[in-house]
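> got a sequence here, can you model it:
(2 chains)
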Amino acid sequence: MLTRIAGGRVIDPANGVNDVIRDLYVRDGVIVDAPRDGERIDRTIDAAGMIVMAGAIDLHTHIGGGKVNIARALLPEFDRLDPMPAHGVCEPCTGGAAPSTLATGYRYAAMGYTACFEPAMLPVNARQAHMEMGDTPIVDKGAYALLGNDDFFLQLLASGAEQREIDDYVAWTLHATQAAGIKVVNAGGISAFKFNARSLDVDGEHPHYRVTPRQVLGALTRAIDGLGVPHPLHVHGSNLGVPGNADSTLATIDAAEGRRIHLTHLQFHSYGTEGDRKFSSAAQRIAEKVNASPNVSVDVGQILFGQTVTCSGDSMMQHRNARHARPAKWVVMDIECDAGCGVVPFRYRDRDFVNALQWAIGLELFLLVRDPWRVFLTTDHPNGGPFWSYPHLIKLLMDRSFRNEVLSRLHPEAATSSTLASLEREYSLYEIAIMTRAAPARILGLADRGHLGPGAAADIVVYEPHSDPEVQFTAPRYVFKDGTVVAERGEIKAVTAGSIHVVKPEFDRGIERKLDDWFRRHHTQSLASFKISDEEVCVCGRAPKLVTHACTHRG
Amino acid sequence: MPPSFATCPFCGLLCDDLVVTPGPAGLLAAGGACERARVEFSALGAASPSPRVRGRAAGLDEALDEAARLLGAARRPAIGGLDVDVGAMRAILPLAQRLGAVIDHSGSFAKYRNLHVVQESGLITTTFAEVRNRADVVVLVGDGWTKRFPRFVERMLVPAPVFAGDGGRRFVLLNPADRSALPADAECLELAVPMAELPVLAGTLAALAAGRPVSLDRAVTALGGSASDGLAERLARCVDWLREARYGVLVWSAADLEFPHAELAVQALARMLRVLNEKTRFAGLPLAGVDGDLTANAVQTWRAGLPLPASYANGTVDFDPHRHALPGRLARGECDLLLWVSNLGTKPVPVVDGVPTIVLGRADRTFDAAPDVYLPVATPGVDAPGHLLRGDKVITLFLKPVRSGSLPTAAAMIEALAARLEPATC
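The predicted model follows:
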């Protein structure tokens, strides 16, 4: 069947198209060239006057895996406040602080998002993460496997293993867990917490392995480049949430020694210690460094006011921050010589100085990092706020008077302690399309997503233009997923199953001999049980397709 | 060629080092198999069931038709059992919402003792490999860790804790405990306190660990001890061990805590863990995963956002551990049909007068009172592939079938049933 999306204002930064009126053609779920004369067009969608973009891609959203499910079980009181009864093709479920997988898929799709990446898949928990993502309807999924706190890696590093062996282990992990990238959380710190360390800065020594986070970051960034994994090492830095942690963040960038590195939820890592309250914005300092370092990309992890729950692999810092839990309950886990997790509910209040300044710091970062190809729109869902607040966040970026009006209602020192009020930048629609479509696809190596050229998957969003960007981005007129209309004006029309995105770099399988021995001596499952095959992940992930993206060695 | 190992689905440990082969009297489980595994595999191996309608052998179509008729006529159906794998749960939940059913796991009353505490105050927990490699002090509550998890000691507690330094591993046993299950040379401290006094004991230990002034004499009296039996000294010594631990682990199994308001005991243990972690590392290990309890809850929680027991009445989903608990629902006459799905275990199916019952059950199961319809289904890890969550909640393992059989999976059976129902009207 050939579908024409006719007469829309196409914004497609990956192909350099900015607000050009043209028709798009879709056949068998893929965008195709204009048909030859006389070829039959089966269906025409009138998009005249409307804005057409590729489906949006969230490159950092906690949508699946044990810690998210702990958060769901922990907070039924907020689920009850956000019921989603059966409606049309949608099954009943709940949203709340940690939404159900069904709610996650429905709400992302209704908002024009067509791919989501779970950023913290513990290798030992990978099956469950894929299952939860598999029960997240409509959107495509991928995940970053967590390394850098697992005892196998740390002992490898401590024993002075060759980089080649570390590369093989990283590649093996990508294969065995069916991942799209590698993330490190508080490098070495989660493991150090198991040895009763309560903090670990970039040059601090791990109490047992005597290696530093700088060494961990060095080895993993080298491995990612050496293997040619498209997505840079995804880094949750040291000292999350600690005043003065900007120094750790700058040291983290230096630890990459010019190799590619992605700093995630940068807002939580951009704090200074100036002022009477010993808490200040270091956004300017951090943004300058990012602007000057073309190897660095970031996502912000904007906070928005209201109830949420923070789900993190960073057991060390979550235990430290647990005293701020609202409501006062929290879960911390040490996990299987692999990693850890901490789930701490949080209520961000606009009249609270710290929260208000966190809000301002996030926006400062968005506005001060100049290149929209290197800064991504995230709230670190659900940690800084739910993903369904993105339209509001887009409005904050596109509309300076709205931004300053909100700022004027916050704790007054948020304005005086940050440069936000003076920042004049307003994002254009084109820049929003870059940061939510073209750039995430490029940095994840997704050749067939995030753009509208022939050969791309027909993940397409058609917006009715509105003077209020929040209204425009909340409920697009049409959302196509692989060519099927899945949502119209915020209502789900069809429930489809998304694909799984992975990378599979080449490596020397000889590493399995060492791993097999390690599993026998330390693990509580066999190496064979640990590995997830292509066939199995499609069952777990209920995926019609496993999409493997190319790795290109970058030396 | 190395043997192909099987993963045992019959307790929360999911041991993956079994060798299962066909024998004269059913399936023969060897390799790492415990007694329970041997019995279960053997029983399943010998069974060759057919569907039954009110006790009479029937063809599959006839049985499915009758089950669909009963489901179609029900106005307030309940779905119970749920000792099943992930695939079965994924099929059950859409059916539950379509029927507007109440849904509960057979073990959720015990599980709620932990869940209640998580929802009130939270927990600090750990997993098997951390216990194996790190734990230098292990506190064992009750006796479930040996009775219900037969290879827990062998697999997690016998191997030396490589990250614990040179001191090895010490044990504290909180009654009633079986000292003989532990290695004979293990350093061991026994606190003979009735299980029902566990809240008092945990509270006392937490207060002592926090350095609060506690009258040991009064604590001993409250715990049913006397001045002469040495309990006070053992309590003091226990607190020393807890504080000295580099990485302590507290093991309990909620199903063992069979006394009124047992959640208070879990609450006190959780508080003790929070206190200890101010200074050292100490984590809980709430052993579970028997009869698929973790699996059923996890799938329900991720798909709906709320755990079990739940109601899908009126096109919504609601969690309420009291109102929706299946035993109460049945006792109050609030259900007019029971669909019992259980492809792992053989727990008895509740029999309620006037409530038609459909059982999707294991091939070898027997009944005191024949249900209206019995549909035998494949057991994951025996006749069909499947997935289960392990007892420490983090690991999910793939269950490879040990034989090729003709029995349909529970998921396939539910889909066949759903296909026979009238189209949904909403």
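
> what parts of the stretch 151-300 of chain A come near chain B?
A:151, A:193, A:194, A:195, A:196, A:208 (Cβ under 8 Å from any Cβ of the partner chain). Where C-beta positions appear, they are placed from N, C-alpha and C, glycine not excepted.

> cool, the stretch 401-550 of chain A as well?
So the stretch 401-550 of chain A meets chain B at A:521, A:522, A:523, A:524, A:525, A:526, A:528, A:529, A:532, A:536, A:539, A:540 (Cβ under 8 Å from any Cβ).

> pull the most distant pair out of those residues.
A:521 and A:539 (30.6 Å; Cβ to Cβ).

> neighbour count winner among the two?
residue A:539 (18 against 11; other Cβ atoms under 10 Å in any protein chain shown).

> which other residues reach the helix or strand containing that one?
Using DSSP states H and E, the element containing residue A:539 is helix A:534-540. The contact list for helix A:534-540, computed with Cβ atoms under 8 Å, 6 or more residues apart in numbering or on different chains, reads A:127, A:130-131, A:134, A:178, A:500, A:502, A:532, A:543-546, B:87, B:385, B:387, B:398.

> mind redoing it with 7 Å?
A:127, A:130, A:131, A:134, A:178, A:500, A:546, B:398 (Cβ atoms under 7 Å, 6 or more residues apart in numbering or on different chains).

> a markdown table for those residues, including secondary structure?
Conversion of these to a markdown table gives the following (DSSP: H, G, I helix; E, B strand; the rest coil):
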| residue | secondary structure |
| --- | --- |
| A:127 | helix |
| A:130 | helix |
| A:131 | helix |
| A:134 | helix |
| A:178 | coil |
| A:500 | strand |
| A:546 | strand |
| B:398 | strand |
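
> give me the buried subset of these.
Buried by 16 or more other Cβ atoms under 10 Å in any protein chain shown: A:127, A:130, A:131, A:134, A:178, A:500, A:546, B:398, out of these.

> in which helix or strand does residue B:146 reside?
Judged by DSSP H and E, residue B:146 forms part of helix B:144-147.

> residue A:127 reaches residue A:533, doesn't it?
No - using Cβ atoms under 7 Å, residue A:127 is not in contact with residue A:533; the gap is 11.1 Å.

> what sits against residue 203?
Answering for chain A, as no chain was given. A:212, A:214.

> oops, I was thinking of chain B
Taking Cβ under 7 Å, 6+ apart, we find residue B:203 in contact with residue B:268.

> same check, this time on residue A:68
A:62, A:98, A:132, A:311.

> where's the last one, which helix or strand?
When elements are defined using DSSP H and E, residue A:311 is found to belong to strand A:306-312.

> residue 333 is in what secondary structure piece?
You didn't pick a chain, so chain A it is. Here residue A:333, judged by DSSP H and E, is contained in strand A:330-335.

> now do that strand against strand A:306-312, angle only.
Relative orientation of strand A:330-335 and strand A:306-312, computed by axes from the mean of the first three to the mean of the last three Cα atoms, to 10 degrees: 20 degrees.

> pairing partners for strand A:330-335, with directions?
Here strand A:330-335 is paired, per DSSP bridges, with strand A:339-348 (antiparallel), strand B:122-125 (parallel).

> what ranges do the helices span in chain B?
Using DSSP state H, the helices found in chain B span residues B:35-46, B:60-73, B:86-99, B:108-120, B:128-134, B:144-147, B:152, B:198-209, B:216-222, B:231-244, B:263-276, B:293-304, B:326-331, B:410-420.

> can you redo those helices as a markdown table with distance to residue A:85 and mean pLDDT?
Below are the helices of chain B laid out as a markdown table (distance: least, Cβ to Cβ, whole Å; pLDDT from 0 to 100):
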| stretch | distance to residue A:85 | mean pLDDT |
| --- | --- | --- |
| helix B:35-46 | 41 | 92 |
| helix B:60-73 | 22 | 97 |
| helix B:86-99 | 10 | 98 |
| helix B:108-120 | 23 | 93 |
| helix B:128-134 | 40 | 98 |
| helix B:144-147 | 40 | 92 |
| helix B:152 | 43 | 97 |
| helix B:198-209 | 40 | 92 |
| helix B:216-222 | 50 | 90 |
| helix B:231-244 | 48 | 95 |
| helix B:263-276 | 31 | 95 |
| helix B:293-304 | 12 | 97 |
| helix B:326-331 | 21 | 96 |
| helix B:410-420 | 20 | 97 |
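
> distance to residue A:161 added to those, as a markdown table?
What follows is the helices of chain B, written out as a markdown table (distance: least, Cβ to Cβ, whole Å):
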| stretch | distance to residue A:161 |
| --- | --- |
| helix B:35-46 | 38 |
| helix B:60-73 | 57 |
| helix B:86-99 | 37 |
| helix B:108-120 | 40 |
| helix B:128-134 | 20 |
| helix B:144-147 | 37 |
| helix B:152 | 34 |
| helix B:198-209 | 40 |
| helix B:216-222 | 52 |
| helix B:231-244 | 34 |
| helix B:263-276 | 35 |
| helix B:293-304 | 36 |
| helix B:326-331 | 54 |
| helix B:410-420 | 44 |
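
> now for residue 400: which residues touch it?
By default, I'm working from chain A. Taking Cβ under 7 Å, 6+ apart as the test, what residue A:400 contacts is A:424, A:426.

> try chain B instead
Contacts of residue B:400 by Cβ under 7 Å, 6+ apart are B:6, B:7, B:385.
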